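Enquirer: The sequence isn't on hand, but the structure is:
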C-alpha cells in the first residue's frame with residue numbers, strides 16, 4: 001500500500017473526512033457555496049484547517065453524491081443543473097416517490113408510521129417553518145421523503161432515491177422550496193400523505209405524493225428561473 005493510501009484509510013482520516021463531508025454538504029445544500037462556483041483543495045484546506053488526505057476523501061464522496069463535478073480545464077465546482085436537467089430530475093422524483101408512497105401504504109409498520117409522525121412533530125417546532133421562511137430537513141432519518149422511501153421496503157427504490165439521487169434532490173428541494181406559503185403548504189401535504197399511508201390507502205397515498213412533488217416542481221422551477229434572470233441582470 002502506498003503511503004497516501006495508508007493515510008487516507010486510517011480511522012482518524014476517515015473521521016475527519018466524514019466531518020468535512022458533512023460541513024461541505026450542508027454548505028452546498030443551503031446555498032452557502034453557490035451552484036457552479038469553483039472549489040479548490042488549497043482553499044478548502046485553509047477554510048476547514050485540515051490536510052489534503054481527509055479533504056480529498058470528502059471531495060470524492062461529494063462527487064459520488066453528485067454535489068460537485070469535475071470540469072475539464074476548470075477543475076472541481078459545485079454542481080449546477082440546467083433547467084432541462086432540473087425538469088428531468090423532478091420527472092424522476094414524481095414517478096418514483098409516488099410509487100414509494102403507494103408501497104409504503106402497503107408495507108410500512110405501525111412503528112415506522114409512528115416514527116414518521118415524530119419526524120413531522122420535530123419539523124413543526126422548527127423556527128424557519130413557524131415563520132414560513134423555509135422548510136429545512138436534516139438528511140436521512142430526519143427527512144420525511146427519505147423515511148417514505150425506506151418505508152416502501154423496495155430495495156431498488158431505496159438505492160435509486162436514497163443513494164443515487166438523494167443529495168442532488170435535497171439540494172434543489174432545500175434551496176428553491178422556500179417562497180410565499182409553500183413551506184407551510186408542504187408541511188400540511190406531508191401530514192395528508194401520512195394519513196393515507198396509515199389508513200393503508202395505497203391509491204390515495206400515491207396520488208397525494210404525486211401532487212406534492214408536482215407542486216414542489218412548479219415552485220422550484222419558478223424560483224430557479226427567477227434566480228437565472230437575476231444573475232443575467234447583474235452580469236449584463
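Expert: Arrived safely. The shown structure was predicted, so the numbers you read here are calculated from the model rather than taken from an experiment.

Enquirer: From now on I want contacts and neighbour counts done on CA atoms only, so please keep to that.
Expert: OK.

Enquirer: Run through the residues that contact the residue positioned nearest the centre of the chain.
Expert: Using C-alpha atoms, centre = their mean, the residue of the chain that lies closest to the mean C-alpha position is residue 170, 1.5 Å off. Neighbour list for residue 170: residue 29 [criterion: C-alpha atoms under 8 Å, 6 or more residues apart in numbering].

Enquirer: What segments of the protein are helices?
Expert: 3-8, 11-29, 41-48, 52-64, 83-107, 110-124, 127-130, 144-151, 155-158, 166-175, 182-198, 202-235 (DSSP state H).

Enquirer: so which of the ones you listed is the most packed in?
Expert: Mean neighbours per residue, mean count of other C-alpha atoms under 10 Å, is largest over the helices of the chain for helix 144-151, with a mean of 23.

Enquirer: Run the angle between that helix and helix 110-124 for me.
Expert: For helix 144-151 against helix 110-124, the angle by axes from the mean of the first three to the mean of the last three C-alpha atoms, to 10 degrees is 170 degrees.

Enquirer: Check which helices and strands helix 144-151 sits against.
Expert: helix 83-107, helix 110-124, helix 155-158 (3 or more C-alpha pairs under 8 Å, 6 or more residues apart in numbering; DSSP states H and E).

Enquirer: on that earlier part again, what's the closest of the helices of the chain to residue 77?
Expert: Ranking the helices of the chain by proximity to residue 77 (C-alpha to C-alpha) places helix 52-64 first, at 9.7 Å.

Enquirer: and that closest one, average pLDDT?
Expert: Here helix 52-64 scores 88 as its mean pLDDT.

Enquirer: What separation is there between the nearest residue in space to residue 147 that is not next to it in sequence and residue 197?
Expert: Closest residue in space to residue 147, ignoring its immediate chain neighbours: residue 141 at 6.0 Å, by C-alpha to C-alpha, 6 or more residues apart in numbering. Per C-alpha to C-alpha, to the nearest Å, residue 141 is found 17 Å from residue 197.

Enquirer: So residue 171 is in contact with residue 30, correct?
Expert: Yes - shown here, residue 171 and residue 30 form a contact pair, counting by C-alpha atoms under 8 Å, at 7.3 Å.

Enquirer: In the chain, what helix or strand scores lowest on average pLDDT?
Expert: helix 3-8 (a mean of 42; mean pLDDT, DSSP states H and E).

Enquirer: Cool, thanks, talk later.
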